[in-house]
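Participant: Structure of the sequence below:
(chains A and B)
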Protein chains: 2
Amino acid sequence: MGEFKPINWQVVAREAEARCGLLQTRRAVIETPVFMPVGTLGTVKGTRFETLEDELDARIILANTYHLYLRPGTEVIRACGGLHRFIGWRRALLTDSGGFQVWSLGALRRITEEGVEFRSHIDGSPCFLSPEIATEAQVFFGAEIIMAFDECPPGEVSRDEARQSLELTSRWAARSRQRFLELQSADVDTGRVNDHLPPTLDGTQAQFGIVQGATYLDLRRESLRRTVEIGFDGYALGGLSVGEEKAAMYEVLAETAPLMPSDKPRYLMGVGTPEDLLHAVACGVDMFDCVLPTRTGRNGLAWTSRGRLNVKNARWTRDRRPLDEACACSVCRRYTRAYLRHLYLAGEMLASILLTHHNLFFFLDTMRRVRQSIRSGRFSRFRQEFLEGFRSGVD
Amino acid sequence: MGEFKPINWQVVAREAEARCGLLQTRRAVIETPVFMPVGTLGTVKGTRFETLEDELDARIILANTYHLYLRPGTEVIRACGGLHRFIGWRRALLTDSGGFQVWSLGALRRITEEGVEFRSHIDGSPCFLSPEIATEAQVFFGAEIIMAFDECPPGEVSRDEARQSLELTSRWAARSRQRFLELQSADVDTGRVNDHLPPTLDGTQAQFGIVQGATYLDLRRESLRRTVEIGFDGYALGGLSVGEEKAAMYEVLAETAPLMPSDKPRYLMGVGTPEDLLHAVACGVDMFDCVLPTRTGRNGLAWTSRGRLNVKNARWTRDRRPLDEACACSVCRRYTRAYLRHLYLAGEMLASILLTHHNLFFFLDTMRRVRQSIRSGRFSRFRQEFLEGFRSGVD
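Facilitator: Below is the predicted model:
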């Protein structure tokens, strides 16, 4: 298998720490910084893949190993030809490892050196995930990028607990990597061949390691060093936006991201608001995923160039303006605040569909503008102007 | 206003009683027999209007006066420029009158000569609809085709009750017509101008009368005669598929539809299955609406050329075939039974979106094939072959 490269990665522009990159995978060429919509159960909720491709031009989406492992299960996805063929998505996929999800089960899980015993949130049945099992599941799913299995401490953890967690994560990272390399040689990855499009790269899967260490900067540096020693195709910052103060997260980003290997993609997991994304890009992060645009959309919240708009608000009852007068998305071209409010109050599915679409457009379009501003050397100014508009409030 | 025609209607082909027509409205040219998707609250549930236009090519949809009258209310829709502009639909609209909906409230309504007192199903507040009020609401909504306000007896009603109901419906029809004509002269119809497309006809609104009489053939004939005497732009059969035996409905159709004026469109309200549609077309009906494709889609049922497919069935767990191998819709081109089953069991919105799309495609495509078969004089054979396939069962 030595002739196959997992990914090609190239930085094409820089401004201070911020960088613009080209991430080539076997299914899509991805310009970074990139926002990855979240498709937990193999669907970006409320959105057809046709729309993600044709209108929103998402190149890569995320799916959750924990959820898919429980339902429909690894065996079903494998029998259906891997995750791409099972769900009908033709571009790149990233799967997380399930580490964060089993952590968020709280009292329902027990962590040992071997792995995590937990009870399914669906039917309470006993389950087990380990670095090896999580890696095997991800190989059978066949995503372009898969993640090492990590232990995620809460935001407000003590230094001692953070260190212990970091060391467990390091040992699990080594085991994840070993199993990954064995399986890449065994030719069981379901994602290799693409029925629909010629591959953009004759690649194997890529595997990213995860840096932990809570908000302790020295532990973050140590975790980074140990993860890089194992050697991955990219590196992620985990355990942020999990309850810590925003200032603490921003400090970790500013101090850690620039130390991550410059010749590999840097991925900030599960973050965040447009403000968070711009801060992280300024620190040199390349990749993001977050449920924010989709989840808040289903709850009646629109993200606009002037901040958040609550669609339920009575002031929109007769308002014939689009959600965002500066937005070029197909929702803003056709639908009014008055109609969206009506749909939301009536409990109509179309409210979720349209708000999700608009929000994904806003996040993806903001990242397009970020990339363009870095390429033309005006990211710092773009960021300032964007934040001024974003904080000005919806009129 | 005398220079404006409400609609143009032309029969372009016949086969026995079945007919193919061209219905020209100010917003869309509609080939008949036509199936109208139902958009109760101003949305065809789970479907964007872009999809209805571009992919499904629906030319006319239905909206419910009762629901829109309660929420968001006539005044809001009027303030937003009428129903087309409020919801963002650019083609033809038909609004029902609310008569059937208040009838289905059962114990919550009281019928007098003047109209119907009822309690809102949303908050229990007291409301009132009359021929005049229902007509005014529909004029303010601005649909291309609006309906007279009728009283709908249950399917298993006695002959005496059916006669009384028929007579009330006749008096209400005359009042509906009178108020309609007054309002068309008063220039309050919001639907006249089309911002997006040149009008296909410089029309006023059209108003259809409704024939009642339960399953009593002589009462149906009498109701028809009295409705035609008042004079409408088209005629509808109401009060079918409301609890009576299917054979009784088929008999009413066979005996009544051919007697309806041949030079006006004939509309069968709230019906039905593909089998019902083919039977009614054979009797000379031109227009249909029904919630069946959308509602059953949300409940996990797909309509296919081989009958109904229950997407929940465990036999689809690893089935990589589309819902219908004979179907050309975008759902069948991309998504498998295994994936749709997974989405449905996981409670994902995408299950409803995709099943609704497929079902609407199936109903609209079946009607396209019906029209083509009438034009080429082979409808009778088409019907037989269609029903053989439809009854053969999904393999």
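Participant: which SS class is the residue sitting furthest away from the middle of chain A?
Facilitator: The C-alpha centroid of chain A is most remote from residue A:318, which lies 37.0 Å away (C-alpha atoms, centre = their mean). Under DSSP: H, G, I helix; E, B strand; the rest coil, residue A:318 falls in the coil class.
Participant: Once you drop chain neighbours, what's closest to it?
Facilitator: What sits nearest to residue A:318 in space, not counting adjacent residues and going by C-beta to C-beta, 6 or more residues apart in numbering or on different chains, is residue B:79, at 4.5 Å. Every residue, glycine included, has its C-beta placed from N, CA and C.
Participant: Surely that neighbour touches residue B:72?
Facilitator: No - contact criterion C-beta atoms under 8 Å: residue B:79 and residue B:72 do not qualify, at 9.6 Å.
Participant: Which one's more surrounded, the two?
Facilitator: residue B:72 (24 against 18; other C-beta atoms under 10 Å in any protein chain shown).
Participant: quick one, phi/psi of the more buried one?
Facilitator: Residue B:72 adopts backbone torsions of phi -80, psi 0, taken as degrees, to the nearest 10.
Participant: Could you show which parts of chain A are in contact with chain B?
Facilitator: A:41-43, A:45-50, A:71-72, A:76, A:79-81, A:85-88, A:317-318, A:320, A:330, A:334-336, A:338-339, A:342-343, A:345-346, A:348-350, A:352-354 (C-beta under 8 Å from any C-beta of the partner chain).
Participant: Kindly write the ChimeraX command that selects the buried subset of these.
Facilitator: Selecting only the buried entries of the residues of chain A next to chain B in ChimeraX, with 16 or more other C-beta atoms under 10 Å in any protein chain shown as the criterion:
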select /A:41,42,43,45,46,47,48,49,72,76,79,80,81,85,86,87,88,317,318,330,334,335,336,338,339,342,343,345,346,348,349,350,352,353,354
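Participant: Spatially nearest residue to the residue of the stretch 151-300 of chain A found nearest chain B, not counting backbone neighbours?
Facilitator: Going by C-beta to the nearest C-beta, chain B is nearest to residue A:298 of the stretch 151-300 of chain A, at 8.3 Å. Nearest residue to residue A:298 in three dimensions, chain neighbours excluded: residue A:352, at 4.5 Å (C-beta to C-beta, 6+ apart).
Participant: can you pull the contacts of the residue of the stretch 151-300 of chain A closest to chain B?
Facilitator: A:45, A:46, A:352, A:355, A:356 (C-beta atoms under 8 Å, 6 or more residues apart in numbering or on different chains).
Participant: repeat for residue A:32
Facilitator: A:19, A:20, A:21, A:22, A:23, A:265, A:286, A:287, A:371.
Participant: Can you classify residue A:94 by secondary structure?
Facilitator: strand.
Participant: What pLDDT does the model give the residue of the stretch 151-300 of chain A closest to chain B?
Facilitator: At residue A:298, the model reports a pLDDT of 98.
Participant: one step back: check the contacts of residue A:32 and tell me the two furthest apart.
Facilitator: For the contacts of residue A:32, the farthest-apart pair by C-beta to C-beta is A:265 and A:371; their separation is 14.0 Å.
Participant: who's more crowded, these two?
Facilitator: residue A:265 (26 against 22).
Participant: Grab the nearest non-local neighbour of the more buried one.
Facilitator: Take residue A:265 and drop its neighbours on the chain: the residue closest to it by C-beta to C-beta, 6+ apart is residue A:234, 4.2 Å away.
Participant: all strands of the stretch 151-300 of chain A, in order?
Facilitator: Along the stretch 151-300 of chain A, counting by DSSP state E, counting those that start in this stretch, strands occupy A:206-211, A:234-237, A:266-268, A:287-289.
Participant: from the chain's centre, how far out does the helix-or-strand element of chain A with minimal mean pLDDT sit?
Facilitator: None of the helices or strands of chain A scores lower by mean pLDDT, DSSP states H and E than helix A:99-104, at a mean of 87. How far helix A:99-104 lies from its chain's middle: 15 Å, per C-alpha atoms, centre = their mean, to the nearest Å.
Participant: Any buried residues in the next helix or strand after that helix, and which?
Facilitator: Counting by DSSP states H and E, the element after helix A:99-104 in chain order, helix or strand, is strand A:109-111. Residues residue A:109 are the ones in strand A:109-111 that count as buried (16+ other C-beta under 10 Å).
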